[in-house]
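>>> What follows is a protein structure lacking sequence information:
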């Protein structure tokens, strides 16, 4: 193997005391397409940011051409020929395609942008990626897939020696993916080092010859892809010791259906059939952003939704507003508790009482002593300690989440919709939340748990619906649930096998 | 100049400019209609003298609108433009008849504007404070400084200089055209064009190698320069300095920029839009005067037109990417 152009040696990085990468090494060699795989939150984006100088590692070094950089800056990385195609686009909608491609590296003449040279060079990279649009067109006019191609052209404009692509195909059409594949092959032959991040295993199998797999911030594999199949890759990404994090529980026997929707659509979702039963925890899995949140919000009446037929606790039709959903016994705990779940500068007690305010009749006065007693009750029930007149933001993430849950308890919901309730929550509180959810189900209520944490789905749910591109890709029964099965359905590994 | 040389630049530079015009085409039509109406009501407009006089009434508003639009493009806003105009006016009125002379006074005014803008910019950009708060505070400081220099209206501008700028000459119109051309040149530099990227998507721009902080601070400095320029012109018009003469310009500059299609979130809008917006405001006031609107009704009408102008694209433009 030729000497790597850029190499991370034993890098670690923590955010707020939370380790994201631990002793990670990766070497990008010229003329090789290197895949970087891992689940959501495995640390892939952090690693890219370290390689491109956007972040500085806590320990370890980044070496470029064998020369170590303790604190690489974005400018140094750029000068060394590292170009990144970020997942979130970095384009300016009002500037033209050419002006975006050259941004930050404009050819100049007499201090002014040399539009002649810019047009020629932008045309050349656009031809490489198959962009035949008018270069003077504002980027804001282009559909998402074309913008992604502009983003790639922008990286090529700098003649990179190292090209890092973070999920470049997520918004591309099949034809555009073909063009990109051909382009990457050409770049490889020309000796560019390419790091390719994708959740589409069939692309990885076809394009890449080497793979590094990250799991929970640690490298679990760093090997040639030859002789590995899609199932092997999935196995490398999953598998954790659940330990005693999850409480023991007995699966609920088949019970009556409390919610059933057929042909349900909302936002990017289309034609979803779903039944929710009393006494079960129904897991919703899949990669981030496959429509999980739209499904919960659509059921909750917070997003416009429609269905061929729908029944909520015997009432037909999808609730058209949040109060109507509440009246049907639905409650929703959002993923972003700081923005959607809680009012941070208000007191713990005030937050717990909030859903009650909406139910008060007309101008009747609040009964303060009753409120205080109820809040105290809830806090004891959920193990929230201390003074309830403190601001909610004074609590830890875990306790904040408990408050976000507690506020629904007095209204005694029969269907609890939870969107990633344990994100950023400490292990102790996680366990308490798990116990709470199972207890809730055992009382004959229904819990819908959308989670980006696969073990949670495996060890807590009666059934798991795996979502992919706005549809339910698989509905796994209790005895079919495993991390491998969930990840495989989420990434379309069946499709990969079919293509291989 | 490179922007006009070679067939390739003709293929790119001018077409890109034309496509950027699309958002303001409707506005240009409305402005043209109002100007035509004004010319119909007041035929005297269509003489050299008429155009000169009108340009003089429009010029300061055009400058402050550019000053405001520039900051709105960075994602900021300024509440200190009015105070900066006042300061420019009192500095001009107290220095130009003194030992510094007209040229020295001009230099002092320009340096003050650049420095005020740059300092405000450094505070907003480097300390990451909200522009609306910093410029609100700056408006008190700058307004106070203007009152310290000249507690009551006074000072003087040499008569020949007043006559040159605000007498029977088309100087204001020529200066406005020169300012707009200089802006075009600035936008043809990498730093100038980066302003759009820095305003719309600062993180993406930074990762792409754009000197985001410098682009934004430069915008604040230029904005300050434009505001004191307006103050200097107002002083020349009245022949003296007034420490509170600029107050109304703060809100009018926002109104003109908004009318011109400049967005509050950064990176959206064009300078030609802001200039057209200021022209629309100026013409509107004159037209309503000729139509015999009472002054109070003019304010109400002005407000309704601004709301309408902002709501219209929202109502009609829901389709397609923006």
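Received, thanks. The structure presented is a predicted model; accordingly, all values stated were derived computationally and were not measured. Numbering: from 1, shown residues only, chains lettered A, B, ... in the order given.
>>> Identify the residues contacting the closest residue to residue B:268 other than its chain neighbours.
Using CB to CB, 6 or more residues apart in numbering or on different chains and skipping the chain neighbours, the partner closest in space to residue B:268 is residue A:94 (6.3 Å). (Each C-beta comes from the backbone N, C-alpha and C, glycine too.) Residues in contact with residue A:94 (CB atoms under 8 Å, 6 or more residues apart in numbering or on different chains) are A:138-140, B:20, B:196, B:200, B:267-269.
>>> Tell me which entries of the residues you listed lie within helices.
Among the contacts of residue A:94, the members falling in helices are B:20, B:196, B:200 (criterion: DSSP state H).
>>> filter these down to the ones near chain A?
Within the set of these, contact with chain A (CB under 8 Å from any CB of the partner chain) is found for B:20, B:196, B:200.
>>> Could you count how many residues lie near the last one?
Residue B:200 sits with 24 neighbouring residues when counted by other CB atoms under 10 Å in any protein chain shown.
>>> how many neighbours does residue A:146 have?
Residue A:146, neighbours per other CB under 10 Å, totals 21.
>>> For the helix or strand hosting it, which residues meet the burial criterion?
Assigned by DSSP states H and E, residue A:146 belongs to helix A:144-157. Under the neighbour-count criterion of 16 or more other CB atoms under 10 Å in any protein chain shown, helix A:144-157 has A:146-157 buried.
>>> Restricting to those residues, which residues neighbour chain B?
residue A:154.
>>> and the residue nearest to residue B:268, that one's in a helix?
No - the assignment for residue A:94 by DSSP: H, G, I helix; E, B strand; the rest coil gives coil, which leaves it out of any helix.
>>> Give me the pLDDT value at it.
In this model, residue A:94 is scored at 89, pLDDT.
>>> before we move on, what about residue A:427?
For residue A:427, the pLDDT comes out at 68.
>>> Over to the one 4 residues further on?
Turning to residue A:431, the model gives it a pLDDT of 82.
>>> Can you pull the residues of the stretch 201-322 of chain B lying near chain A?
B:201, B:203-210, B:267-269, B:320-322.
>>> May I ask which two of those are separated the most?
Largest separation among these by CB to CB: B:209 and B:320, giving 30.5 Å.
>>> Among these two, which residue is more densely surrounded?
In this view residue B:209 and residue B:320 are compared by other CB under 10 Å, and residue B:209 has more residues nearby, 18 against 8.
>>> Name the nearest residue to that one, ignoring sequence neighbours.
Nearest residue to residue B:209, sequence neighbours excluded (CB to CB, 6+ apart): residue A:104, at 3.1 Å.
>>> Got phi/psi on the nearest residue to residue A:221 once chain neighbours are set aside?
Among residues not flanking residue A:221 along the chain, residue A:213 sits closest, at 4.1 Å (CB to CB, 6+ apart). As for residue A:213, its main-chain torsions (degrees, to the nearest 10) stand at phi -110, psi 130.
>>> Just the buried residues of stretch A:267-274, please?
In stretch A:267-274, counting by 16+ other CB under 10 Å, buried: A:269, A:272, A:274.
>>> Likewise for stretch A:366-376?
Buried residues in stretch A:366-376 (16+ other CB under 10 Å): A:371, A:374-375.
>>> At which residues are the helices of chain B located?
Listed in chain order, the helices of chain B (DSSP H) span residues B:6-41, B:48-73, B:81-95, B:101-126, B:131-149, B:159-166, B:171-187, B:190-200, B:202-207, B:212-238, B:249-259, B:271-290, B:295-316.
>>> Could you export those helices as CSV, including mean pLDDT?
Shown next, in CSV, are the helices of chain B (pLDDT from 0 to 100):
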stretch, mean pLDDT
helix B:6-41, 83
helix B:48-73, 94
helix B:81-95, 96
helix B:101-126, 95
helix B:131-149, 96
helix B:159-166, 91
helix B:171-187, 94
helix B:190-200, 92
helix B:202-207, 85
helix B:212-238, 95
helix B:249-259, 93
helix B:271-290, 91
helix B:295-316, 80
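>>> Please identify the deepest-packed of the ones you listed.
Across the helices of chain B, the average number of neighbours (mean count of other CB atoms under 10 Å in any protein chain shown) peaks for helix B:81-95, which reaches a mean of 30.
>>> For it, name the packing helices and strands.
Applying 3 or more CB pairs under 8 Å, 6 or more residues apart in numbering or on different chains; DSSP states H and E, we find helix B:81-95 packed against helix B:48-73, helix B:101-126, helix B:131-149, helix B:212-238, helix B:249-259.
>>> what about it, distance to the chain center?
Distance, stretch centre to chain centre, for helix B:81-95: 16 Å (CA atoms, centre = their mean, to the nearest Å).
>>> Could you do stretch A:265-276 as well?
Using CA atoms, centre = their mean, the mean C-alpha position of stretch A:265-276 is found 20 Å from that of the whole chain.
>>> same check, this time on stretch B:89-99
With CA atoms, centre = their mean, you get 23 Å for stretch B:89-99.
>>> repeat for stretch B:154-171
Stretch B:154-171 sits 21 Å away from the centroid of its parent chain (CA atoms, centre = their mean).
>>> Over to stretch B:303-313?
Distance, stretch centre to chain centre, for stretch B:303-313: 20 Å (CA atoms, centre = their mean).
>>> what does it rub up against?
B:26-27, B:255, B:258-259, B:261, B:284.
>>> now stretch B:66-75
For stretch B:66-75, contacts defined as CB under 8 Å, 6+ apart pick out B:77-78, B:81, B:84, B:131, B:179, B:183, B:195-196, B:198-200, B:202, B:215-216, B:219-220, B:222-224, B:226-227, B:230, B:253-254, B:256-257, B:260, B:262-269, B:271, B:273-275.
>>> How about the helix or strand following the helix holding residue A:146 and chain B, any contact?
Sequence-wise, the next helix or strand downstream of helix A:144-157 (DSSP H and E) is strand A:162-166. No - using CB under 8 Å from any CB, strand A:162-166 stays clear of chain B, with a minimum separation of 11.5 Å.
>>> can you pull the buried residues of strand A:162-166?
Applying 16+ other CB under 10 Å to strand A:162-166 flags A:162-166 as buried.
>>> Adjacent strands (with direction) for that strand?
strand A:82-85 (parallel), strand A:193-197 (parallel) (DSSP bridges).
>>> Now the closest residue to chain A within the stretch 201-322 of chain B: closest residue in space that isn't a chain neighbour?
Nearest to chain A, among the residues of the stretch 201-322 of chain B, is residue B:204, at 2.5 Å (CB to the nearest CB). Nearest in space to residue B:204, with sequence neighbours left out and distances taken as CB to CB, 6+ apart, is residue A:90 at 2.5 Å.
>>> what secondary structure does the one you found sit in?
Under three-state DSSP, the three-state class of residue A:90 is coil.
>>> List the contacts of it.
A:151, A:154, B:201, B:203-205, B:207-208.
>>> Just the closest of those to residue A:23, please.
Using CB to CB, these come closest to residue A:23 at residue B:207, 26.0 Å.
>>> Was I right to think the closest one contacts residue A:74?
Yes - using CB atoms under 8 Å, residue B:207 makes contact with residue A:74 at a distance of 6.2 Å.
>>> shared neighbours of those two, which are they?
Here residue B:207 and residue A:74 have A:52, A:54 as joint contacts, going by CB under 8 Å, 6+ apart.
>>> ok, the residue nearest to residue B:204 to residue B:206 distance?
Distance, residue A:90 to residue B:206, by CB to CB, to the nearest Å: 9 Å.
>>> got it, and residue A:272?
40 Å.
>>> Mind checking what secondary structure residue A:475 has?
Under three-state DSSP, the three-state class of residue A:475 is strand.
>>> For it, give me its contacts.
Neighbouring residues of residue A:475 by CB under 8 Å, 6+ apart: A:463-466.
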